[in-house]
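*Asks:* predicted structure and sequence below. I'll ask about it afterward.
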Amino acid sequence: MILPLHARLRSQITSVIQSLYDLGTESIPPIVVEQPPNRRFGDLAVTIAFELARRLKKPPRLIAQEISEAAGDLKEFGRLHPTGAGYLNVFLDRAALTRDGLGKPQPAPQTQALKIIVEHTAINPNKAAHVGHLRNATLGDTLCRLLRFRGTSVEVQNYIDDTGVQVADVVVGFRELEHQNIEDIKQLTDKPGFDYYCWDLYARVTTWYEENDNRLSHRRTALEDLEHGIDPSASIARIVTDKIVRCHLNTMARLDVEYDLLSWEGDILRLAFWDRAFEVLKSSGAVFLQQGGRLSGCWVMPIGDTAVEVAGDEESDLDPETRLKVIVRSNGTVTYVGKDIAYQLWKFGLLGLDFNYRWFGRQPSGRPLWATSSDTTPNSAKQVPPPAFGHAEGVYNVIDTRQSYLQDLLAQALEAMDHPLAAERSVHFSYEMVALSRATAQALGHLDLTLDNGKPFVEVSGRKGLGVKADDLLNQVTDRAESEVSSRHADLSPETRREIATQIATAAIRYFMIKFSRSKVIAFDIDEALSFEGETGPYLQYATVRARRILEKLENRDGIELHNRLEELASTSSDSLTASAGDGLWDLILESSRLDEIAEQSVRSLELSTLAKYTFGLAQKFNGFYHSSPVIGEPNAGTRLWRAAGVKIFATQMTKALQLMGCQVPERM
RNA sequence: GCGCGUGUAGCUCAGUUGGAUAGAGCAACCGCCUCCUAAGCGGUAGGCCCCUGGUUCGAAUCCAGGCACGCGCGCCA
């Protein structure tokens, strides 16, 4: 792992600069350590001379020279080589770093006491999950893995909006279109495919509303019934949402996505979280009662629009009310933003109220899953007590970019309630939506060429039933993988082939969801997602499997177990690691060691594609090495040993990187 | 109208918070399975980094102004 090395290099250079120039510690700019574009320049590059050029009013090239001369031979790094316009490059002790990489795995970074809550998935529990939800869950889950990798303790929450319009619509569907009673619906939930059934029903309800506007009154009634727990609608909703949530959990489990807590909106209502939040909002002056005008009788929050404030002009044509956000309607009901404020306060432990909790089930990995509850009867003594949820130091809300405006309001509300720290630590992890490529939309019969507007993609719409269901996609990809595995490894048992196919499918889908920048709309293309060649998850797995097979065979033939051969490596000529060896072995080792640096960068920028691109590039390096440099067949014992060491380091780091992306390494491919 | 985002090879996208020769994948074309798995590798071809100006040792990257596209802006969630 390379970050500690960076830190040591930085501190040594800092002392050199301090002794050389009259600069306080604070006025030394941060020392950036980069990768030189070409290995012949060095193993690491430092750009500090460029940073200092302005301050010292000297050319960077000269500064680099001065630093290099003053530094002499640095401990562990040797000379600083001034090159180019002012880079300072170092060559590392390659043999030592390679031996370190093989040594006992370093202890995981200590878990910090502070806890981070990550909220993701949050699918309306009224229909099957689709590809857009997969992007959310994959990003959210990968973020959690990265945070834990860095030693942060993470609590994963999945928000269940069980009292919203979408659920109300499906309730209306069961009652008004299907005329089903509670018993009928219960029977339906016992059959497979209930989420698919609701997918269609939801689309039918939408059409049914469109045929006659008066029918929308059914939605209003149902919505009120849900909020106030009035049967039969409330009971129907409870049965439907419980089943759909379990369907979603099953879908996500297929991608190795798990949670700690399901937060049900209904509990927020029943436990009167909102009432408490409302008191705080009022007493802090964050909201006020609007009198007169269009919003008369509403409790509103002023929206801080910096652009408007800076302009400062009278803006006479701009309605001042457009800068007010309604939090409580004139009929006394609370809006979505209001409920969200209450929930966010609870996450930080700032609400002064807590949920009750109920056991929801054990997930495939064995991890317990809890759900919030508003049942006040105490848990039976036999039951395990729930962990302490909430009270986070920071919160990531993984929600698509269309909700940026609302997420912004949320932070503003916290600020207005005199919780600036919580506001600052409420991070909206935003990402663009998943749409359908033209080809895929057409294949699904969703692209009407007569109405073709020439857009490069077609937006998914759950309301219209337009989209690719997550389980359909998973099934297709898994089947495809299974036939590939079968054609290559007929000797494996059907169970093993299926298991491998599942691992491949997971990697294919998860990698696909991670590899794009979060600010890019994904035009989902089924053929692209089904491909296992080029920049795909299976490519990464394949490289890792190959590396493992080499090590396996080597152990069987030569009995080489690398961690037992460290001393032998120390006394073996490391010529294989020099540039003149020309096989990219050292490049492979150095690049493998950068995983911690990349993980750090990915979290800092919330750009998980960085991790994906790095892992892909690393796999490419290995494949190049694989073709140029035989390991088992290498006659020179020393060269063979060093190469084996490189393969081992690669396999170890690659396995970790894949784990971070929620992917496993199949035993064969 | 206002806000946010995007514009890089035929297509889909990277480009390390201003750095060394702008890179991948797909598609196209040409090669490589007696050799650790060809889900692989090598090679060829393909670029006014949307436009114009500015900032400086240096700009695809930062600033200003345009252009194009997407999303958001409700007493919906």
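*Replies:* Arrived safely.

*Asks:* is any part of the helix ranked longest in chain A close to RNA strand B?
*Replies:* Across chain A, the helix with the greatest residue count (assigned by DSSP state H) is helix A:637-660. No. Helix A:637-660 lies out of reach of RNA strand B by CB under 7 Å from any atom of the strand, never closer than 7.8 Å. For the C-beta atoms, the positions are set from N, CA and C on the backbone; glycine is no exception.

*Asks:* and that helix, what's its mean pLDDT?
*Replies:* The average pLDDT for helix A:637-660 rounds to 95.

*Asks:* worst-scoring helix or strand of chain A, pLDDT-wise?
*Replies:* Across the helices and strands of chain A, mean pLDDT, DSSP states H and E gives its lowest value to helix A:306-311, namely a mean of 34.

*Asks:* assign the spatially most central residue of chain A to helix, strand or coil.
*Replies:* Chain A has A:Leu139 as the residue nearest its centroid, 2.5 Å off, counting by CA atoms, centre = their mean. Assigned with DSSP: H, G, I helix; E, B strand; the rest coil, A:Leu139 falls in the helix class.

*Asks:* cool, and A:Tyr357?
*Replies:* Once three-state DSSP is applied, A:Tyr357 turns out strand.

*Asks:* leaving out chain neighbours, which residue sits closest to it?
*Replies:* What sits nearest to A:Tyr357 in space, not counting adjacent residues and going by CB to CB, 6 or more residues apart in numbering, is A:Pro386, at 3.9 Å.

*Asks:* that neighbour: neighbour count?
*Replies:* For A:Pro386, the count of nearby residues is 19 (other CB atoms under 10 Å).

*Asks:* strands of the stretch 451-600 of chain A, residue ranges please.
*Replies:* Counting by DSSP state E, counting those that start in this stretch, the segments of the stretch 451-600 of chain A that form strands are A:457-459, A:522-524.

*Asks:* any chance of the ones you listed in JSON lines with mean pLDDT and mean neighbour count as columns?
*Replies:* Listed next are those as JSON lines, based on pLDDT from 0 to 100; neighbours: other CB atoms under 10 Å:
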{"stretch": "strand A:457-459", "mean pLDDT": "85", "mean neighbour count": "19"}
{"stretch": "strand A:522-524", "mean pLDDT": "92", "mean neighbour count": "23"}
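
*Asks:* and the residue of the stretch 1-150 of chain A that's closest to RNA strand B?
*Replies:* Closest contact between the stretch 1-150 of chain A and RNA strand B, by CB to the nearest atom of the strand, is at A:Phe50 (2.4 Å).

*Asks:* okay but that residue is in contact with A:Pro59, surely?
*Replies:* No. Counting by CB atoms under 8 Å, A:Pro59 is not a contact partner of A:Phe50; they are 10.0 Å apart.

*Asks:* neighbour count for those two, which is higher?
*Replies:* A side-by-side neighbour count of A:Phe50 and A:Pro59, using other CB under 10 Å, places A:Phe50 first with 19 against 14.

*Asks:* please name the nearest non-neighbouring residue to the more buried one.
*Replies:* A:Pro60 (4.7 Å).

*Asks:* kindly provide the distance from the closest residue in space to A:Val631 that isn't next to it in sequence to A:Leu551.
*Replies:* Excluding the flanking residues, the one nearest A:Val631 by CB to CB, 6+ apart is A:Arg643, at 4.6 Å. Look at A:Arg643 and A:Leu551: by CB to CB, to the nearest Å, they are 11 Å apart.

*Asks:* what does A:Phe625 give?
*Replies:* In terms of CB to CB, A:Phe625 sits 14 Å off from A:Leu551.

*Asks:* and for A:Asp525?
*Replies:* Taking CB to CB as the measure, A:Asp525 and A:Leu551 are separated by 36 Å.

*Asks:* again, but for A:Thr652
*Replies:* Taken as CB to CB, the span from A:Thr652 to A:Leu551 is 10 Å.

*Asks:* what residues are shared contacts of the two?
*Replies:* Residues touching both A:Thr652 and A:Leu551 (CB atoms under 8 Å, 6 or more residues apart in numbering): there are none.

*Asks:* still on that earlier bit, my read is that the residue nearest to A:Tyr357 contacts A:Trp370, right?
*Replies:* Yes. The pair A:Pro386 and A:Trp370 passes the contact test of CB under 8 Å, sitting 5.2 Å apart.

*Asks:* now the common contact residues for the two.
*Replies:* Counting by CB under 8 Å, 6+ apart, the contacts common to A:Pro386 and A:Trp370 are A:Tyr357, A:Trp359.

*Asks:* quick one: end-to-end distance for stretch A:522-540.
*Replies:* Stretch A:522-540 has an end-to-end distance of 21 Å (CA to CA, to the nearest Å).

*Asks:* tell me which residues in it are buried?
*Replies:* Neighbour-count burial for stretch A:522-540 flags A:522-526, A:529-532, A:535-540 (criterion: 16 or more other CB atoms under 10 Å).

*Asks:* list the ones among those that fall in helices.
*Replies:* Per DSSP H, the buried residues of stretch A:522-540 map to helices at A:Ile526, A:Ala529, A:Gly537, A:Pro538, A:Tyr539, A:Leu540.

*Asks:* between the residues you listed, which is nearest A:Lys656?
*Replies:* A:Leu540 (12.1 Å; CB to CB).

*Asks:* write out the residues of the stretch 101-250 of chain A neighbouring RNA strand B.
*Replies:* Residues of the stretch 101-250 of chain A lying close to RNA strand B (CB under 7 Å from any atom of the strand) are A:Asn124, A:Asp161, A:Gly164, A:Val165, A:Gln166.

*Asks:* just the buried members of these?
*Replies:* A:Asn124, A:Asp161, A:Gly164, A:Gln166.
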